[in-house]
Structures are given as structure tokens and as C-alpha cells.
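**Q** how would this look folded up:
(one chain, ligands or ions: 3)
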Amino acid sequence: MKISYKTLAGKVTKTDLLVVLSAKGKKPKLPKDVTISEKVLSSFGGKTREARFTDAIDGPAERVLMIGLGEGKEVDPETVRRAAAIAVKKAEKTDAESVTFWVDSLDEKQAGVLGQALTEGAVMGAYQLNDFKSDPKKISLKKVVIQASADFKKGAKRGEITGGGNVFARRLQDTPANKMRPRDMVAEARKIAKGSSKVSVKILDEKEMEKLGMGSLLSVSRGSSEPAYLIHLTYKPAKKAKRKICFVGKGLTFDSGGISIKPSARMDEMKYDMSGGAAVLGAFHALAALDPDVEVHGLVPTSENMVDASAVKPGDIVTASNGMTIEVLNTDAEGRLILADALAYADKTIKPDAMIDLATLTGAVVVALGHELTGVMGNDEPLIQALVDSGKTTSEAVWPLPIIDFHKQDMKGAVGDLKNIGGAGTGAGSSTAGAFLSNFVGKTPWAHLDIAGTAWGATDRDYQGGSWGTGVGVRLLLDYAEKQ
Ligand code: BES
Ligand code: ZN
Ligand code: ZN
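**A** Residues are numbered from 1 along each chain as shown. Ligands and ions are numbered 1, 2, ... in the order given. Got it, this is the predicted structure:
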């Protein structure tokens, strides 16, 4: 899908479908030379998500689609995002090859954010995974034109990039685990770095990780025939940045639970256990084009968690790169084991001003917050607040959860320094997981996002949802990075 941008003063070029968004009680504003039935035009209600097709009587557009934005003095970005997604989905259903969004006086004060929301919705709404069908559906929609004010267009160009990062992550997420192995995550990271002079990549293999003493991370891949990697991406802006931030994403390309094996029902969903890693790669996919004034590092520890004679066993003790020993009491609590060494590496080698990890870490967060809210915790209130704020801006909602001293005490080991699960009866599984991670961040300001509920299986929002991956985290991280 190729997107191009035009001013409202420019002529509308020939298009299969002209889309206009219109608030309740307002008559949809069409370009001068496009005419539709006056009856249809004046009868359009403009309720949220209301969609009405009509043939054009005259002008460059074959058909016109009006989409409602509901009432309210201010149009909000989420409604526009959804409206744009509805439009591209409807266009695809009717085999339209070209769509023009005609955006005349929506709300000029918010033009930038609404523009960004519109293209995000269009790009994300058009996403589909067609790679594994022997006879894939032909995608009809090839050309999208956005005709709007200068400020709206500026925002829209950003939305094309942020939406692009989101669908990049979703493709990695939705790809089955035998086609998206740790080595495939590495290949995707290399491709991103190849595509931009501002992004570089370093891959640490098992040998190098062994040298660095990453016994916690390496204990997870022992049961798999696929080797683990630590991906390290770096984005450096054109002019020297004042701040350095680091994103860390859990990249478990499949989590069987290991010897503490998971039940068979819905185990297939554990291909999504790399969603944190996908979010980091998706953000890097977009970073170079957005060009924020901050140095960004991205770490993705990536591995499979499988069952094998050499797999780590319940009760085994492993040593992390910060010297701490960990009793692996449950091999299914593996995400925190790979994150431990990645966080310690960031703290020791990268030394960022702030770091944020994203992980499908606990089933408990789904119980606590469901599928619409990401849990956030950490050691730095302003950082947590910044992520809550970015959650509001992007509609990737983030909700704080506590880590108190009790949770930290609960993760202390009997044989080793730490154990990888909380005590029987403690509950608060997301907080104890966070408390475990807090041992590896040193003094670095740090926030942990538990995306186990939001990475897939969220309700349908037109531009994402259902049983598919959501790409959650990409737009959130980009919003955070841009505000630095
Ligand atoms: N990847 C899972 C967490 C998960 C579970 C994500 C369900 C999404 C849906 C993680 O590795 C895990 O298995 N965590 C365990 C921890 C427990 C053993 C302390 C869990 O949440 O059950
Ligand atoms: Zn697990
Ligand atoms: Zn896992």
C-alpha cells in the first residue's frame, strides 16, 4: 500500500473510493467536484463508526464512503484511527485499488495527532498475514491518497511510520514458531540495521554470552536445539543526543514451559511469547525514519523454552552475569531468566539514563488487568508516569502495579540468592516477577511492562484485535522516545 499526500487546494485525482470522516450533526464535507445524492448526504447521521457507501453522481471518485466520528466538541484520535481502519477494510472488501481520504476541517487545533491517528489506522487496519497460504488472497488496495491541511499531513506522515512499526511487529508475532525462531529474530534485526545508516546491530551468540557469564539466559535455551542470541540494536540520531535510553524485549519464540511443561490447550499461543522482542524490533523499524533526538538501544534476548534431556530442571541452580545465583524452581518462569542477563548487560555495558523492558511475563497480569491494559512497575515514578501518559496518547493503556519490599523478600532463595517463583500462597504473580527483575537493574531508572494480556487476544478495535497479535508497545515506545 503506497501512501501519498496532497493539499486540499490540489485537484482530487481519479479514485475508486473517496472517504470522508464526519462528526455527528455535521454535514460531510466533500470536494467541490465530487457530487453525491443530496438525500444521502443529508441523511448521514455521523454516529461513531457509522459507515455509508454511495455511488458518486459526478467527479473523479467512483464511490464515496462516509464514516461517522460521533459527537463531542473534540474529535479524538482513537475514533479517527478506527474510522480509517474501517475505511481500508471496506475498500479491500469491495476490491477498490485506490482510496482518497478527503479531510477538510476536522479539528485544526489537533491536526497533527489526528493526522497521525488516521494513517496509523489505515496502515494497521490493512494488515493481514498472507504469507502461509498456498493460494494467498490478492490484495486489491494499492494506493492511498491523503488530502488534508499541512499540519494534518505532517502528522499523517508520522503515522505512516509508527503504524508501519506496529505491523512489522505483528508479522513477527503472528508468524508460527517454526518460522520465527531465535535465528529468524536475528535475521529481522540485521535487516533493520541494513536499512538505515543510523541503526547498527551487534549479535551475541551463546559462546559470547558464556564468556560474559550469562548463565541465567543460557539455562533457558539448554532444552532447545535452537541456539539463543542476545540482539543489541543501536540508534544514533544525526546530532549527538543528550539522553540515552534502552528498550529490552522478551523474545521467547516458543514457550512450552520446559520440564514444568504447560497444558496442551492453547499452548500454540506461546508463539506470542516473543511479543516484547517484536515490539522492540518494530520500534527500531520506525526509529530511523522518525529521527528523534535521543540515543536508543534495543536488547532482545531470544530463545526457545523446550523439553530435552539437557533441559534445565526444577531445582537447578544457575548464575547470572551480575554474580547472583538463582534456583530455577519452575522452568516455565523463564522470561525473567533471560531478561535478568539482558537487564544486567544494559546496566553494566550500555549504562542508559532509563530503561524499559516489555515482556509477556505472567498469566497473573491477565487476571489482574485483562487484555486492554498493560501492567507497569519499576523503580522510578517519573518513568512509570511517562509511560502511563504515553499509554493515554497512543491508546495503548498502561496501568501501574506495585513492587513492595515484601515481594522482593519473597523472591529470596533458600539454596541460592534468589528463586525464580514466589512462595506458595503469596499470589501477586506479576509483582513478584517484577521484584525478581529489580535485582538486575542496578541503579538504572527502570520500568517493566507486562504485556501478557495485551500482546494478543484483545478486543476488536478495527485496526487490531481478535486472536491476532496487536503489536502492543511499538507506538508506546515511539511516543516515549519522541518525548525525550
Ligand atoms: N510466557 C508465560 C506467561 C504467559 C502466560 C503469557 C499466559 C501469556 C499468557 C511465562 O513464561 C510463564 O509461563 N509464566 C508463569 C510464571 C509462573 C510459573 C510463576 C505463569 O504466569 O504462569
Ligand atoms: Zn513460561
Ligand atoms: Zn514465557
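**Q** Just the element for the closest residue to ligand 2 within the stretch 301-450 of the chain, please.
**A** Nearest residue of the stretch 301-450 of the chain to ligand 2 (Cβ to the ion) works out as Asp332 at 3.8 Å. For glycine as for every other residue, the C-beta is placed from the backbone atoms N, C-alpha and C. Assigned by DSSP states H and E, Asp332 falls within no helix or strand.
**Q** Contacts only, for it.
**A** Asp332 makes contact with 255, 257-258, 260-262, 305, according to Cβ atoms under 8 Å, 6 or more residues apart in numbering.
**Q** quick one: which of the residues you listed is most hemmed in?
**A** Counting neighbours by other Cβ atoms under 10 Å, Asn305 comes out on top of the contacts of Asp332 with 31 neighbours.
**Q** So that one sits against Val328, correct?
**A** No. Counting by Cβ atoms under 8 Å, Asn305 does not reach Val328; the two are 11.4 Å apart.
**Q** wait, isn't Thr79 in contact with Thr48?
**A** Yes. At 6.1 Å, Thr79 and Thr48 qualify as touching, with contact defined as Cβ under 8 Å.
**Q** can you list residues touching both of the two?
**A** Joint contacts of Thr79 and Thr48 (Cβ under 8 Å, 6+ apart) are 69-70.
**Q** who has more neighbours, the two?
**A** Neighbour count, other Cβ under 10 Å: between Thr79 and Thr48, Thr79 has more, with 22 against 15.
**Q** before we move on, what SS does the more buried one have?
**A** helix (DSSP: H, G, I helix; E, B strand; the rest coil).
**Q** what sits against it?
**A** Applying Cβ under 8 Å, 6+ apart, the residues near Thr79 are 48, 69-70.
**Q** give me that answer again for 6 Å
**A** By Cβ atoms under 6 Å, 6 or more residues apart in numbering, Thr79 lies in contact with Leu69.
**Q** Could you report the pLDDT at it?
**A** Note on Thr79: pLDDT of 97.
**Q** And it, how close does it get to Val144?
**A** Note on Thr79: its distance to Val144, by Cβ to Cβ, to the nearest Å, is 19 Å.
**Q** now swap in Arg190 and tell me
**A** Arg190 is 30 Å from Val144, by Cβ to Cβ.
**Q** more crowded one of the two?
**A** Using other Cβ under 10 Å, the more surrounded residue of Arg190 and Val144 is Val144, with 26 against 14.
**Q** before we move on, what SS does the residue lying closest to the more buried one once chain neighbours are set aside have?
**A** Nearest non-adjacent residue to Val144, counting by Cβ to Cβ, 6 or more residues apart in numbering: Ile3, 4.7 Å away. Under three-state DSSP, Ile3 falls in the strand class.
**Q** correct me, but Ile3 touches Glu160?
**A** Yes. Ile3 is in contact with Glu160 according to Cβ atoms under 6 Å; the separation is 5.4 Å.
**Q** Between those two, tell me which one has more neighbours.
**A** More crowded of Ile3 and Glu160, by other Cβ under 10 Å: Glu160, with 23 against 19.
**Q** Now name the helix or strand holding that one.
**A** Glu160 belongs to helix 150-174, assigned by DSSP H and E.
**Q** Grab the CA positions of the worst-scoring helix or strand of the chain on mean pLDDT and hand them over as PDB.
**A** Least confident helix or strand of the chain, by mean pLDDT, DSSP states H and E, is helix 38-43 with a mean of 94. Output of helix 38-43 as PDB, limited to C-alpha atoms (Å, rounded to 0.1, in the frame of the first residue of the first chain):
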ATOM      1  CA  GLU A  38     -28.200  15.200  -1.600                       C
ATOM      2  CA  LYS A  39     -30.600  12.900   0.100                       C
ATOM      3  CA  VAL A  40     -27.800  10.500   1.100                       C
ATOM      4  CA  LEU A  41     -25.600  13.400   2.200                       C
ATOM      5  CA  SER A  42     -28.100  15.000   4.400                       C
ATOM      6  CA  SER A  43     -29.400  11.700   5.900                       C
END
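**Q** Pretty sure Val280 sits in a helix.
**A** Yes. Looking at Val280 with three-state DSSP, it is inside a helix.
**Q** residues in the chain within reach of ligand 2, list them.
**A** Residues of the chain lying close to ligand 2 (Cβ under 5 Å from the ion) are 255, 332, 334.
**Q** near ligand 1, from the residues you listed?
**A** Restricting these to those touching ligand 1 (Cβ under 6 Å from any ligand atom) yields 255, 332, 334.
**Q** Rebuild these as a markdown table, extending it with pLDDT.
**A** Listed next are those as a markdown table, based on pLDDT from 0 to 100:
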| residue | pLDDT |
| --- | --- |
| Asp255 | 99 |
| Asp332 | 98 |
| Glu334 | 99 |
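**Q** What is the burial count for the residue of the stretch 1-150 of the chain found nearest ligand 1?
**A** Closest contact between the stretch 1-150 of the chain and ligand 1, by Cβ to the nearest ligand atom, is at Leu129 (19.8 Å). Using other Cβ under 10 Å, the number of residues around Leu129 comes to 16.
**Q** quick one, phi/psi of it?
**A** phi -100, psi 110 (degrees, to the nearest 10).
**Q** Keeping just the C-alphas, turn stretch 83-93 into PDB.
**A** Extracted C-alpha coordinates of stretch 83-93, given in PDB (Å, rounded to 0.1, in the frame of the first residue of the first chain):
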ATOM      1  CA  ALA A  83     -12.600   5.200  11.200                       C
ATOM      2  CA  ALA A  84      -9.500   4.900   8.900                       C
ATOM      3  CA  ALA A  85      -9.200   1.200   9.600                       C
ATOM      4  CA  ILE A  86     -12.900   0.700   8.800                       C
ATOM      5  CA  ALA A  87     -12.400   2.600   5.600                       C
ATOM      6  CA  VAL A  88      -9.400   0.500   4.300                       C
ATOM      7  CA  LYS A  89     -11.200  -2.700   5.400                       C
ATOM      8  CA  LYS A  90     -14.300  -1.800   3.500                       C
ATOM      9  CA  ALA A  91     -12.200  -0.700   0.500                       C
ATOM     10  CA  GLU A  92     -10.500  -4.100   0.400                       C
ATOM     11  CA  LYS A  93     -13.800  -5.900   0.600                       C
END
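**Q** what's the neighbour count on Leu383?
**A** For Leu383, the neighbour count with other Cβ under 10 Å is 20.
**Q** Likewise for the one 3 residues further on?
**A** Summarising burial for Ala386: neighbours were counted as other Cβ under 10 Å, giving 19.
**Q** Kindly report the same for Lys93.
**A** Number of residues near Lys93 (other Cβ under 10 Å) recorded here: 10.
**Q** Next one: it from Gln128, what distance?
**A** Separation of Lys93 from Gln128 (Cβ to Cβ): 12 Å.
**Q** With Asp205 instead?
**A** Taking Cβ to Cβ as the measure, Asp205 falls 34 Å from Gln128.
**Q** neighbour-wise, which of these two wins?
**A** The residue with more neighbours, out of Asp205 and Gln128, is Gln128; 16 against 12, by other Cβ under 10 Å.
**Q** Need the three-state assignment for that one.
**A** Using three-state DSSP, the structure places Gln128 in coil.
**Q** what does Lys89 give?
**A** Per three-state DSSP, the secondary structure class of Lys89 is helix.
**Q** Could you report the pLDDT at the nearest residue to it once chain neighbours are set aside?
**A** If the residues on either side of it in the chain are set aside, Lys89 comes closest to Gly125, at 5.5 Å by Cβ to Cβ, 6+ apart. Confidence at Gly125, expressed as pLDDT, is 98.
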